[in-house]
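Enquirer: Sharing a sequence plus its predicted fold:
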Amino acid sequence: MKTAIRRASPAVRRIGSAARLSVSAAPHLLCVHIAMAVVAALLPVAMAWLTKLTLDGLSAGSSLQQAVAPAAVLAVGGLVAGILPHASSYVRSCMERQVGLHAQTRLFEAVGRIIGLGPFESPTFLDRLNLAKQAGGRAPLQVVDGFIGASKSVVTMAAFVGSLSVVSPELSVFVVIFGFPVIVAEVLLARRRTAMMWGISPTERREFFYNQLLSNVNAAKEIRLYSLGRFLRNRMLDDRRLINSAREKMDRHTFRVQAGLGLMAALVAGAGLLWAVRAADSGRLTLGDITMLVAAIAAVQSGLAQFAAQTAVAHEALVMFGHYETVTHAEPDLVVHAAPRAIAPLTSGIELHDVWFRYSEDDDWVLRGVNLSIGAGKSVAVVGLNGAGKSTLVKLLCRFYDPTRGRILWDGIDLRDIDVDELRSRMGAVFQDFMHYDMTAGENIALGDLSALGDSARLHDAAEHAGIHKKLVGLPRGYDTLLSRTFYLESEKGVEDSGVLLSGGEWQRVALARVFLRSDRDFLILDEPTSGLDPEAEYEFHSALKALREGRTSLVISHRMGTVRTADHIVVLAQGKVTESGSHEELMSRENVYAKLFRAQAAGYSPQPGVAVVRTQEVP
Ligand SMILES: Nc1ncnc2c1ncn2[C@@H]1O[C@H](COP(=O)(O)OP(=O)(O)OP(=O)(O)O)[C@@H](O)[C@H]1O
């Protein structure tokens with residue numbers, strides 16, 4: 001049995017998976033929904049038979065009193081038929097909300113299980129994630145609903161075809177043969193539509209990117225100053241036109257196929273009616289038979305149309321749900337050790353042994369055999385020109401990627417053997433492209449360590465160290481002020497300017513405050529921590545940094561030599577290799593790349609310009 005299930009086609013597995021998801025999200029509503037579908041499937045047949053029997057009875061001369069009972073049942077049936085679609089749609093809406101919430105929870109839990117950054121930098125994954133997000137809310141229920149709806153149509157049609165075969169076996173066979181191509185055509189249409197949607201997905205994402213860019217506050221300055229508005233708008237509209245043209249082509253094709261099917265249906269209905277009139281004329285059919293025949297033809301045709309539509313919707317939803325399933329069942333992007341090794345506070349240090357790394361097999365090597373030792377309690381600085389691989393090194397240390405070759409060891413234990421959450425809980429970092437969260441000032445800092453949320457003393461202390469406390473405490477609502485003009489706080493709905501915007505350097509201090517909140521961690525990474533700070537703030541920051549680093553292991557990356565020079569050990573990275581290392585004094589005495597870089601920067605502050613200037617080509 002299990003083997004059979006394993007061998008079942010992906011479509012069957014997906015239907016099973018969508019059903020399980022719906023059952024776990026809304027079991028009671030699903031039962032009510034199915035029960036309503038059964039009643040809705042059989043009600044038209046029961047009504048048709050009752051009508052036929054009532055009319056046959058009346059035409060055979062039965063009294064009005066005898067006709068009252070079936071007529072009363074017919075009236076009740078009519079009442080149920082009138083209310084049922086609305087009740088069913090209400091139940092469906094309730095289910096949609098519950099299943100949507102459940103599916104979204106599962107999707108974002110799966111996204112949270114992605115350890116590294118690789119998938120987020122892959123266009124294919126992003127397209128799939130985009131479709132999964134679109135599908136997550138509706139697709140599981142659409143699959144189940146389509147299945148229920150198609151089954152409902154089959155039940156109604158089978159009951160009517162059975163009834164029709166009593167009246168006219170030839171016509172019932174004719175209707176069944178007619179139905180087959182309708183179903184095939186609709187399934188093919190659905191397949192084509194989903195292929196089209198997958199095809200336009202990258203264009204839709206790009207259009208969305210331009211769309212966001214045109215309304216993004218950070219982009220607004222350059223867009224206005226460089227007059228990029230029309231250019232970006234045209235690109236967005238070009239993408240929209242491409243999308244529209246693909247959709248229009250699909251709509252035209254759908255129209256041609258469905259108009260053909262409609263014509264066929266009309267011909268069948270017309271032929272059936274002509275035959276029925278001639279048969280009644282020759283006395284082979286009663287009045288009741290004709291009403292049954294008319295009802296059966298109409299019901300089978302609408303049943304076929306509904307079956308086709310439901311199958312098409314279910315098929316489309318099934319394909320979309322496939323993307324959802326791929327994301328939620330994705331294998332971990334990085335190796336996850338089944339029995340990870342526990343790590344203790346860093347005692348020996350972090351070692352990189354012959355680390356090679358490239359982002360993909362098609363890319364060039366970014367790191368080419370890096371050997372580096374970051375001793376426990378020591379501060380190491382990495383310098384190098386743009387693109388030398390410094391931030392990539394940080395990504396490997398945080399285990400956003402694994403080395404393509406070589407190993408990174410934490411007190412002798414390979415990072416791949418350590419539980420990634422435990423590893424990261426022992427680190428603090430401020431990244432070059434740190435985040436601005438559209439949240440309050442307090443929350444923006446507390447995100448560095450959620451246990452500090454609402455703990456004013458800790459937040460103030462971290463902000464004080466980062467030199468931003470005075471600014472934050474002076475905001476209209478202090479630390480509760482929203483650092484955004486994108487949203488309102490719930491408590492301040494409608495207050496136009498309740499949020500505050502910070503300057504670039506102030507934002508950097510907020511990001512630094514996050515890392516000060518984690519100053520008790522074993523290993524601190526500071527990637528360009530002072531790039532946005534003014535000289536006074538940079539000076540203050542160095543004293544704070546010194547205190548922060550005291551006795552801690554840290555790695556600093558900076559183009560500012562003033563930030564770098566106080567490190568215990570400095571490493572020059574060039575084209576993915578360590579080309580020089582030592583203390584500031586040692587490196588200066590070697591008169592090599594570091595010394596040239598340092599002097600070149602110092603020359604910028606010198607009253608006599610024209611001292612040593614290092615050029616990109618000079619660096620190996
Ligand atoms: N996600 C990525 N996919 C492919 N290549 C990448 C990716 N990220 C960076 N690179 C490439 O890796 C190289 C090193 O980039 P990295 O950001 O590590 O340099 P860096 O030394 O930090 O530079 P900078 O001083 O400008 O910040 C660059 O050539 C860059 O194009």
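Expert: Structure's in. What do you need? Quick caveat, the model's predicted, so the values are computed rather than measured.
Enquirer: Name the nearest residue to Arg521, sequence neighbours excluded.
Expert: Using Cβ to Cβ, 6 or more residues apart in numbering and skipping residues adjacent in sequence, the residue nearest Arg521 is Gly428, 4.5 Å away. To be clear about C-beta, it is placed using only N, CA and C from the backbone, and glycine gets the same treatment.
Enquirer: could you point out which element follows the helix or strand containing that neighbour?
Expert: Using DSSP states H and E, Gly428 sits within strand 427-430. Going down the chain from strand 427-430, the next helix or strand is helix 441-446, by DSSP H and E.
Enquirer: could you dump that next one to CSV, C-alpha only?
Expert: The C-alpha trace of helix 441-446 is given here as CSV (Å, rounded to 0.1, in the frame of the first residue of the first chain):
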residue,chain,number,x,y,z
ALA,A,441,13.3,53.1,17.9
GLY,A,442,13.2,50.7,20.8
GLU,A,443,12.2,47.8,18.7
ASN,A,444,14.8,48.6,16.1
ILE,A,445,17.5,48.1,18.8
ALA,A,446,15.8,45.2,20.6
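Enquirer: and the next element down the chain from it?
Expert: Heading C-terminal from helix 441-446 (DSSP H and E), you reach helix 456-465.
Enquirer: still on that earlier bit, what's next to the strand holding Gly428, contact-wise?
Expert: Applying Cβ atoms under 8 Å, 6 or more residues apart in numbering, the external contacts of strand 427-430 come out as 394, 398, 448, 511-512, 514-515, 517-519, 521-527, 529.
Enquirer: next one: stretch 42-57
Expert: Against stretch 42-57 from outside (Cβ under 8 Å, 6+ apart): 66-67, 70-71, 73-74, 77-78, 80-81, 84, 155-156, 159-160, 163, 286-289, 291-292, 295-296, 299.
Enquirer: Just these: which are in helices?
Expert: 66-67, 70-71, 73-74, 77-78, 80-81, 84, 155-156, 159-160, 163, 287-289, 291-292, 295-296, 299 (DSSP state H).
Enquirer: Out of those residues, which end up buried?
Expert: 67, 70, 74, 77, 155-156, 159-160, 163, 288-289, 291-292, 295-296, 299 (16 or more other Cβ atoms under 10 Å).
Enquirer: Would you point out the most distant pair within the residues you listed?
Expert: The most widely separated members of those, counting by Cβ to Cβ, are Ala67 and Val155 (28.6 Å).
Enquirer: thinking again about what came up before, rank the buried ones among the ones in helices among the contacts of stretch 42-57 by pLDDT and give me only the lowest.
Expert: Lowest pLDDT among those: Ala67, with 71.
Enquirer: How much space separates it from Leu53?
Expert: 9 Å (Cβ to Cβ, to the nearest Å).
Enquirer: repeat for Ala446
Expert: 74 Å.
Enquirer: When the two are compared, which one has more neighbours?
Expert: Counted by other Cβ atoms under 10 Å, Ala446 and Leu53 do not tie: Ala446 has more neighbours, with 23 against 16.
Enquirer: rewinding a little: near the ligand too, which of the contacts of stretch 42-57?
Expert: With Cβ under 6 Å from any ligand atom as the criterion, no member of the contacts of stretch 42-57 is in contact with the ligand.
Enquirer: Nearest residue to Pro476 in space, please, no chain neighbours.
Expert: Nearest to Pro476 is Val500, by Cβ to Cβ, 6+ apart, at 7.0 Å.
Enquirer: tell me which element Leu29 falls in.
Expert: Assigned by DSSP H and E, Leu29 falls in helix 27-59.
Enquirer: Which positions in that helix come out as buried?
Expert: Counting neighbours by 16+ other Cβ under 10 Å, the buried set in helix 27-59 is 29-30, 33, 36-37, 40-41, 43-56, 58.
Enquirer: And for stretch 406-417?
Expert: 406-411, 413-416.
Enquirer: for stretch 271-280, same thing?
Expert: 272, 275-276, 279.
Enquirer: Pick out whichever of those sits closest to the ligand.
Expert: Nearest to the ligand out of the buried residues of stretch 271-280 is Gly272 (Cβ to the nearest ligand atom; 64.5 Å).
Enquirer: which helices and strands sit right next to the longest helix that the chain contains?
Expert: Determined from DSSP H, the single longest helix within the chain is helix 229-281. Helix 229-281 is packed against helix 169-213, helix 287-328, with contacts defined by 3 or more Cβ pairs under 8 Å, 6 or more residues apart in numbering; DSSP states H and E.
Enquirer: Cool, thanks, signing off.
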